[in-house]
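A.B. asks: what follows is a predicted protein model with its sequence.
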Amino acid sequence: LPGRQVTEILGRKWGKVGNFSFHATGSGVFLVKFDSVQARDWVIDNGPWDVWGHHLVIRRWSRDMPLVLEECKAIPVWVKLSRVPVQYWTKLGLSYIASVIGKPLYMDVNTTKRQSLSFARICIEMDASSSFPDSIVLELENGCTTNIGVEYP
């Protein structure tokens, strides 16, 4: 993706919450520096994002983060969980379910506030070679099982 055009598109999407600078590493990885933590968190919490149909994998920077796309062994992925039993609609319960397919990172605002119980959106760090399952079998406290739907929007 051409850096200047991507910056313009993301500026229209993200510019209302704060300023940012966009830096291409030349290896398929881009670094985005936000002027405020609030703007960064808004972008992360309101994903997933795409540019021209290309999904953007966005995660917080860390010192050991690879800057070469081929070295990325794990990727953050937004998942949509459906048919979640009401008793699991807590941070702990949703994290428990999400941990079956990866490491739960964060939930979107609507999920955190439980504004709709029809589905939960959670960002999960998954192995890049994952089979990306479309369901999770959950054993309930009474011994019965239920299928949780998993989508990758």
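C.D. replies: Cool, the structure landed. Only a predicted model underlies this, so the values are computations on that prediction, with no experimental measurement involved.

A.B. asks: least confident secondary structure element in the chain?
C.D. replies: Using mean pLDDT, DSSP states H and E, strand 54-56 stands out as the lowest-scoring helix or strand of the chain, at a mean of 76.

A.B. asks: for the chain, give the helix that spans the most residues.
C.D. replies: With residue count as the measure and DSSP state H as the assignment, the chain has helix 3-14 as its longest helix.

A.B. asks: average pLDDT across that one?
C.D. replies: Taken as a whole, helix 3-14 carries a mean pLDDT of 85.

A.B. asks: other SSEs contacting it?
C.D. replies: strand 20-24, strand 30-34, helix 37-45, strand 49-51 (3 or more C-beta pairs under 8 Å, 6 or more residues apart in numbering; DSSP states H and E). (C-beta placed from N, C-alpha, C; glycine too.)

A.B. asks: per-domain residue ranges of the chain.
C.D. replies: Following automatic domain parsing, one gets these domains for the chain: 3-70, 74-151.

A.B. asks: how about residue 151, nearest residue that isn't a chain neighbour?
C.D. replies: For residue 151, the nearest residue in space outside its immediate sequence neighbours is residue 80; the separation is 4.2 Å by C-beta to C-beta, 6 or more residues apart in numbering.

A.B. asks: so how many other residues sit close to that neighbour?
C.D. replies: Neighbour count of residue 80, defined by other C-beta atoms under 10 Å: 16.

A.B. asks: okay but it is in contact with residue 153, surely?
C.D. replies: Yes. Using C-beta atoms under 8 Å, residue 80 is in contact with residue 153, at 5.4 Å.

A.B. asks: list the residues that contact both of these two?
C.D. replies: When contacts are counted by C-beta atoms under 8 Å, 6 or more residues apart in numbering, residue 80 and residue 153 are jointly contacted by residue 121.

A.B. asks: what comes up buried for stretch 77-92?
C.D. replies: Neighbour counts using 16 or more other C-beta atoms under 10 Å place 77-81, 84, 88 of stretch 77-92 among the buried residues.
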